[in-house]
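Chemist: I'd like to go over a predicted model; first the sequence, then the structure.
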Amino acid sequence: MHAEAKKLGKTGLVWLRRDLRVHDHPALAESLKDNDTTYVVFVFDSEVLNPIRKYTTVDTRLHFIAESLAEIQQELNKAGGQLIVLEGNPITEIPELVTQLGVDTLYFNRDYAPYATDRDAYVSKAIQDQGKLVRDFRDHVCMEPNDVLNLQGLPYKVFTPYSKAWKKTLSEQKSEPDYTVKLTKLGETDKYPILDTVEALLDLAGFQSSPAYLKGGSQAGLTRLQQFAPYLGQYKANRDFPALDKTSMLSVYIRHGCISVRDMLSLAMSESNVGAETWLNELIWREFYQMIAYHYPHVKGHTFQEKYRDLEFPYDEQLLQAWKDGMTGFPIVDAAMRCFNETGWMHNRLRMVVSSFFCKILLLDWRHGERYFRLGLLDYEFASNNGGWQWAAGTGCDAAPYFRIFNPTTQSQKFDKEGKFIRQWCPELNALDNKSIHEPHAPNNSSSSLFIGNYPAPIVDYKSRRQEALALYKSVQP
Ligand SMILES: Cc1cc2nc3c(=O)[nH]c(=O)nc-3n(C[C@H](O)[C@H](O)[C@H](O)COP(=O)(O)OP(=O)(O)OC[C@H]3O[C@@H](n4cnc5c(N)ncnc54)[C@H](O)[C@@H]3O)c2cc1C
C-alpha cells in the first residue's frame, strides 16, 4: 500500500475542513516545518451532505467549496504536491488514509461546532490508538471559547463586556506565531486522482455545477478584502444602506477559511478610526456567537433565555410562504427575500428587518426562519445564524428586548430612502415615486394604484400585529 506513495522520513497529513487556503495556515505551516513529507486531504463529509442530497443536487455552497478546492489543488500541484479529495465519513476515511500513507502525525485547525468537536475527538482517538500523533491549532477565531471568560471564570452572556474583555485579551496576547506557508516537501500519491476542475470535484461530491453569487477561493477572498479596505474608515456611516453595498461581503470567505481571521484582524487594526472600530466589533460579534453556541449548546432548537421556552408562536402556512416568496406587501421585506432567494446573499440590515418582521409581526416561530436561512444562505454559519434569529425573536443572549419591534416601513424610509434597493428586486414598483415606494398601497399615495401591477397589499395589518406580539411576549414574562 505504501509503495505507491512518494515519501521520505517523517510524514504529516493536513486535514482541511473550514480552512480552504494555503496561506497563513497553522496546521499546514507546522506540518511543513515538522515533516519530511506533507500530504493534504479534504473529505466531502457524507454526514453533512447526505441530508442535502435527499432534496437537491444543486447547491451554490458546494460550487463555492469546489472552486476553493480546485484553486488549492492547482497551488499544491505547482509545488509538486496534491490535494487528496475523498468522499465519505471522515471518522473512517481519515484513520484509513493515515494508515495507507504511513502518516506519523495528523494536523488540523480546530472547529468548535458541536458536530465537529465530536467528530474530531473520535478521529483523534482513532489516530492515537494507532500510536500516531495528532496536533491541532487555533485558526478559525482570534479568541477560542474559553479564552475570554468573566471574573468568575464563566462565559459571558452579554456582548459589550465580552467585547471589552476580548480586546483586553488581544492586547495582552503575545504576538501570533508565524504561520507563513512555504510549499515544499509535499507528498503525492497515484492512489488518488488529481481532481483539479470544479466539475470533477462536484462530481465526487454528487452535486451539479451551480455557480454562486460570489466566487470561491483565496484569490477572490483576498481581492474582496483589498476592495473593501479603502471603505473601512466609512464603514460605520455606510453599513446600514443595502443599496450602497459597502460592507465587506467577506462572511462566506471567512466561513470557509479562504481568508484567515488574521487577514481580517490585521485590516481592522490597520486604521484607528470609528469605521475600523465598528468593523472590529462585527468580527467580535462573530466570535461572541461562536462562544455562545459552544458553551450553551441548547441554543440549537431551544431559546437561550429560559423564560421564553414556553412561548408559542401561532403557525400560519400562508404567511410563512408569502415571506419566503417575497410577497408580503411590505416592499423592503419582499426585496430582501427576493434578493436572498436569487443570490443566497442578504445585507445585514435586511437580515435584521426580515427576521424581526418574521417573529414579531408575522408571529412565526424563529426556528422556521432560521431553517429557511440555513438552507439558502451562502455564508450559513450555525452560530451566527442562530444568534441572529434569537436576537430578532428576543429570545437570545443580549437580544433585542421583546418590545423592540422594527417597523419595516420606517426602516425602509430610513435605509433605502430613494427605494433603490426595492426597485432592483421589486421591478413592478419601479415607477413609484420615492415616497409611495415604501408603502405602495397606502391610501394617501397619489401615484400608486396606477403602477403597482400584481404587487400584493400588505398581508397583515402592522399596527394590530404589533399589539398582538406585545401581548404574546408579555404573557410569558415572569
Ligand atoms: C437573522 C440573521 C442571520 C444571520 N446569519 C448569518 C450566517 O448564517 N452567517 C454569517 O456569517 N452571518 C450571519 N449573520 C450576521 C451578518 O448578517 C453577516 O455576517 C453579514 O451580513 C455578512 O456581511 P459582510 O461580510 O459584508 O459583513 P461586514 O459588515 O463586513 O462584517 C465583517 C464580518 O463580521 C462578521 N459579522 C458581521 N456582522 C455579524 C453579526 N451580526 N453576527 C455575527 N458575525 C457578524 C462576519 O463574519 C462578517 O463577514 C446573520 C444575521 C442575522 C440578523
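Modeler: Thanks, I have the structure now.

Chemist: and the residue in the stretch 51-200 of the chain that the ligand sits nearest to, what is it in contact with?
Modeler: Per C-beta to the nearest ligand atom, residue 159 is where the stretch 51-200 of the chain lies closest to the ligand, at 9.8 Å. Using the backbone N, CA and C atoms, a C-beta is placed for each residue, glycine as well. Residue 159 sits next to 284-285, 288, 398 when contact means C-beta atoms under 8 Å, 6 or more residues apart in numbering.

Chemist: Mind giving me the ChimeraX command for buried ones among these?
Modeler: Selection command for ChimeraX covering only the buried members of these, criterion 16 or more other C-beta atoms under 10 Å:
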select :284,285,288,398
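
Chemist: And the furthest pair within the contacts of residue 159?
Modeler: Greatest spacing in the contacts of residue 159, by C-beta to C-beta: 284 and 398 (12.2 Å).

Chemist: Which SSE is immediately downstream of the worst-scoring helix or strand of the chain on mean pLDDT?
Modeler: Sorted by mean pLDDT, DSSP states H and E, the helices and strands of the chain end with strand 5-6, the least confident at a mean of 46. As assigned by DSSP states H and E, the chain's next helix or strand after strand 5-6 is strand 11-16.

Chemist: Does the closest residue to residue 138 other than its chain neighbours lie in a helix or a strand, and which?
Modeler: In this structure, residue 138 finds its nearest non-sequential neighbour in residue 144, 5.5 Å apart by C-beta to C-beta, 6 or more residues apart in numbering. Assessed by DSSP H and E, residue 144 sits outside every helix and strand.

Chemist: Need the per-residue pLDDT for residue 144.
Modeler: With respect to pLDDT, residue 144 scores 97.

Chemist: got a list of what it touches?
Modeler: Here residue 144 is in contact with 110, 112, 138 (criterion: C-beta under 8 Å, 6+ apart).

Chemist: Is the second one within a helix or a strand, and which one?
Modeler: It refers to residue 112. Counting by DSSP H and E, residue 112 is part of no helix or strand.

Chemist: How many residues are close by residue 128?
Modeler: 12 (other C-beta atoms under 10 Å).

Chemist: likewise residue 287?
Modeler: Counted with other C-beta under 10 Å, residue 287 comes out at 23.

Chemist: Could you check which residue of the stretch 301-450 of the chain lies nearest the ligand?
Modeler: Closest point on the stretch 301-450 of the chain to the ligand, by C-beta to the nearest ligand atom, is residue 388, at 2.4 Å.

Chemist: and that residue, what element?
Modeler: Using DSSP H and E, residue 388 sits in helix 382-393.

Chemist: Could you pull up the residues touching residue 130?
Modeler: Residue 130 neighbours (C-beta under 8 Å, 6+ apart): 95, 98-99.

Chemist: Kindly indicate the member of those residues with the most neighbours.
Modeler: If you rank the contacts of residue 130 by neighbour count (other C-beta under 10 Å), residue 98 sits at the top with 24 neighbours.

Chemist: Is it part of a helix or strand, or is it coil?
Modeler: With DSSP: H, G, I helix; E, B strand; the rest coil as the basis, residue 98 sits in helix.

Chemist: residues in contact with it?
Modeler: Listed by C-beta under 8 Å, 6+ apart, the contact partners of residue 98 are 13, 106, 127, 130, 132.

Chemist: Inside helices: which ones of those residues?
Modeler: residue 127 (DSSP state H).

Chemist: follow-up on the earlier one: next, the buried residues of the helix holding residue 388.
Modeler: For helix 382-393, using 16+ other C-beta under 10 Å, the buried residues are 382-393.

Chemist: the longest strand in this structure is where?
Modeler: Scanning the chain for the longest strand, with DSSP state E as the assignment, gives strand 37-45.
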